[in-house]
Each structure stands twice: as structure tokens, then as C-alpha cells.
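In: please find the sequence and the predicted model below.
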Amino acid sequence: MRIGLAGAGRIGAFHATTLSSLDGVEELVVGDVDAGTANAVASALPRARAVPIEELPGAGLDALVIATSTPGHAALIRAGVERGIPTFCEKPVAATLTETIDVVRAVEESGVPVHVGFQRRFDAGYRRARAAVRSGDLGFVHTVRATTSDRRPPHADYIPTSGGIFRDCSIHDADVLRFVTGREVARVFAMGGTKGEAFFPDGGDVDTGAAVLTLDDGTLALLSTTRYHGQGHDVRLEVLGSEGSVAVGLDDSLALTSLEDGVTFPAGPVHDSFMDRFEPAYRAELTHFIAVARGEAPSPCTARDALEAFRVVEACTRSWLDGRPVDLSDIPTTPTTPTT
């Protein structure tokens, strides 16, 4: 297979290494808005070459992987599906809700498989949590706690185009909440604050956020996220039920220190970033995408799934900005005005 990779930055270069090692990938074609970056990534790998990014969708591809910054996602997805190319795209599929809705409509009308990169769906712990909920062993689930904490903040230039902390960070929690519980979010109330660098409020964002979500069966979910967790990258999930409770991410890499007498847990080492925390999940995810591109498996996370996760974090963002609860019924799933 000839796989195209759009975007050769941090996550793109990470994906390039994984893709080049997968069975069945005969050639990797790399494009980036910075030709030098694309050339550097391609030259470091076997069976890889670089092309101008605008030429990538027409390079005779069997599949396309999109790992550019968010503003480039929508146009590249459209370019892929218009050519009938099975496409993988890192989250989100677009920068705004309106554009996300339009992209989802284009994808669904095309019939071309699109796999959106929510890698936690391929993490062993999250999959076991899903199985535990589905089995009924937990009894009825009443509370879910999810956290995403970056070890250090991104560069200041990233913030104005990130979409904000809920759309950028909590969207993973929103997606995996749906994945694990099988339920939809009905209502949210979110808050945010900043104690770090001024570039967060200057960019219209916060460095720490929290939200209480009510699911459609009455389950309560608590989401928290921050750009400042200096002890280490920390991503966890707790699912609490009437008969049992389970946790994901509660191992020796936990970036917390116990102050109880005689406790040596967690022993470390901690994770530095999402890439080392989820490296096996990323590999499993891209391996599955190759099967999707071959027509051997359906997309495990569709553009519609991405829209539903985006609607949740859109509601969180509106709630934080307006200082009030927001019902998901107020967040549209179809265009609010005709598209011309």
C-alpha cells in the first residue's frame, strides 16, 4: 500500500515512524507546509519520499493519514474522500462546530471510510473499562471521573489556534466517556481558570478546566484538565458502580505522591507526554486503520463519533464562557443555515 502522510511535525513524525514499520505499507509519501520538515522526516525512513503537501491527495494513494495542525484537517479530509481515498485524521476533524458538521455531511455522503484518531479507544485499559461496564459486573454506574493533565504547557503560538482547553484536551475524555459507558451526554456545567502564563488569557483560553456532565441515564461524569502538571503527564479514568469500580492509568507511572505511612506506590517512572503514555495505542490504532483502508474492517471511530465528542466540548466551552449549564440539545448536529 502507498500511504500518504499530511503533516510532519511532532505527531506526524511519530506516525511516520509507526506507519513505515507496519506490514503492507510499501511506500510512505510525506507532505508538509514546510518542505524541509517533510524532507527530513522522509529521508530518515525506508521507502519514504516527500512531496509538496498540495500534491499529496493526487499522489496515487491507497490511504491518507492527516496529522497537520487543526486548521488543515477539514480541507484535507474533503480532498481525500473526493478522490475515494480511505482517510485517517487526528482529532478534531475541523476547528469549529459548523465546519465539523459540514465535513461530517461530506464524509457520509461520499461513503468513503474515515477513521478519526481518538487513540484511547485502542488503549488496553480503556478497552477493559468498556468491557467491565458492558458485562454488568460493576452494577449500575453512577459516577465517572476523567482527567487529562499535561506535564508542561504548549508554546504560546499554539493557544490561539487550539480551539481552547476543552476542545483541545477534554475532547479525548468526551470521546472515551461515550466509548466506555455507551451513553450520551445530556447536560454540562464547566469552569476554567488561569494561574500560569499570560498567553492563555491573552489567547482567549485558560490553563485549567473542570466540568460536571450529566449523561442521558443520570450518570454523573467529572472532567478535569490542566496544562500544568509538572510531576508528569497524567491521564486517568475511574468508573464507579454500585457493585464494583475500576480505574485506568492507576499504575506505577501515576504522577502523584502518596503521603500515607509506609506506602511506596507509585514507584515510577512517570510519563513525559501523551506520545509515550499511548505509544502502544497509537500503533494499534494505525494498524487498524490499514485494515479499514483495505476494506477488512469498519471505521472504529467515525466522523459522526468525532462530531458527538466535539458537541460535548463545544457545550463545555459555551458553559465556561457564559457561566451557566448548557444542554446538549442546544448544540446542533446539522447545519443551522443553508450551505451554498
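Out: Everything's here; your move.
In: what are the pairing partners of the helix or strand containing Leu213, and which direction each?
Out: Assigned by DSSP states H and E, Leu213 belongs to strand 208-215. The sheet places strand 208-215 alongside strand 185-193 (antiparallel), strand 220-226 (antiparallel), with pairing taken from DSSP bridges.
In: who wins for proximity to Pro266 among these?
Out: strand 220-226 (18.8 Å; CB to CB). (C-beta placed from N, C-alpha, C; glycine too.)
In: now the closest one - C-alpha only, CSV.
Out: Taking C-alpha atoms only, strand 220-226 is exported to CSV below (Å, rounded to 0.1, in the frame of the first residue of the first chain):
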residue,chain,number,x,y,z
LEU,A,220,-22.5,12.0,36.6
ALA,A,221,-19.1,12.5,35.0
LEU,A,222,-16.4,14.8,36.3
LEU,A,223,-13.8,16.0,33.8
SER,A,224,-10.7,17.9,34.8
THR,A,225,-7.8,19.1,32.6
THR,A,226,-4.7,21.3,33.1
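In: can you pull the buried residues of that strand?
Out: By neighbour count on 16 or more other CB atoms under 10 Å, the buried set for strand 220-226 is 221, 223-226.
In: now do stretch 180-190
Out: Under 16+ other CB under 10 Å, the buried positions of stretch 180-190 are 180-181, 183, 185-190.
In: quick one: contacts of that stretch?
Out: 126, 129-130, 133-134, 141, 144, 166, 174, 177-178, 209-217, 219, 221, 237, 239, 308, 312, 315-317, 319-320, 324-329 (CB atoms under 8 Å, 6 or more residues apart in numbering).
In: secondary structure class for Gly24?
Out: coil (DSSP: H, G, I helix; E, B strand; the rest coil).
In: let me fix that, I meant to ask about Arg128.
Out: helix.
In: tell me who's in contact with it.
Out: Contacts of Arg128 (CB under 8 Å, 6+ apart): 246, 248.
In: likewise the one 5 residues further on?
Out: Shown in contact with Val133 (CB under 8 Å, 6+ apart): 141, 180-182, 239, 241.
In: widest-spaced pair of the residues you listed?
Out: Across those (CB to CB), the longest gap, 13.6 Å, separates Gly182 and Gly241.
In: list the buried residues in the lowest-mean-pLDDT helix or strand in the chain.
Out: Lowest on mean pLDDT, DSSP states H and E among the helices and strands of the chain sits helix 159-162, with a mean of 91. By neighbour count on 16+ other CB under 10 Å, the buried set for helix 159-162 is 159, 162.
In: quick one on the thing from earlier: pull out the buried residues from the contacts of stretch 180-190.
Out: Buried members of the contacts of stretch 180-190, counted by 16+ other CB under 10 Å: 126, 129-130, 133, 141, 144, 166, 174, 177-178, 209-215, 219, 221, 237, 239, 308, 312, 315-317, 319-320, 326, 328.
In: still on that earlier bit, return the closest of the contacts of Val133 with respect to His15.
Out: For these, the nearest to His15 is Val180 (24.7 Å; CB to CB).
In: what about the closest one, which helix or strand?
Out: helix 171-181.
In: among the buried residues of stretch 180-190, which pair sits farthest apart?
Out: Val180 and Phe189 (21.0 Å).
In: ok, Ala244 - how many residues close by?
Out: For residue 244 the amino acid is Gly, not Ala. 14 (other CB atoms under 10 Å).
In: ugh, wrong one, Pro71
Out: Quick note: Pro71 (other CB under 10 Å) scores 12 neighbours.
In: just the pLDDT for the residue nearest to it when sequence neighbours are not counted.
Out: Nearest non-adjacent residue to Pro71, counting by CB to CB, 6 or more residues apart in numbering: Ala95, 5.8 Å away. Reading off the confidence values, Ala95 has pLDDT 92.
In: kindly report the same for Thr334.
Out: On the pLDDT scale, Thr334 gets 88.
In: so it sits against Ile101, correct?
Out: Yes - here Thr334 lies in contact with Ile101, judged by CB atoms under 8 Å, at a distance of 6.4 Å.
In: ok, the two, which is more surrounded?
Out: Higher neighbour count among Thr334 and Ile101: Ile101, with 21 against 8, using other CB under 10 Å.
In: the more buried one against Glu314, yeah?
Out: No - under the criterion of CB under 8 Å, Ile101 makes no contact with Glu314, lying 10.7 Å away.
In: now do the helices in this structure.
Out: Counting by DSSP state H, the chain has helices at residues 10-20, 35-43, 73-82, 97-110, 124-135, 159-162, 165, 171-181, 199-202, 274-277, 279-293, 303-322.
In: and the ones you listed: which comes nearest Leu61?
Out: Here helix 73-82 is closest among the helices of the chain (CB to CB), at 8.1 Å.
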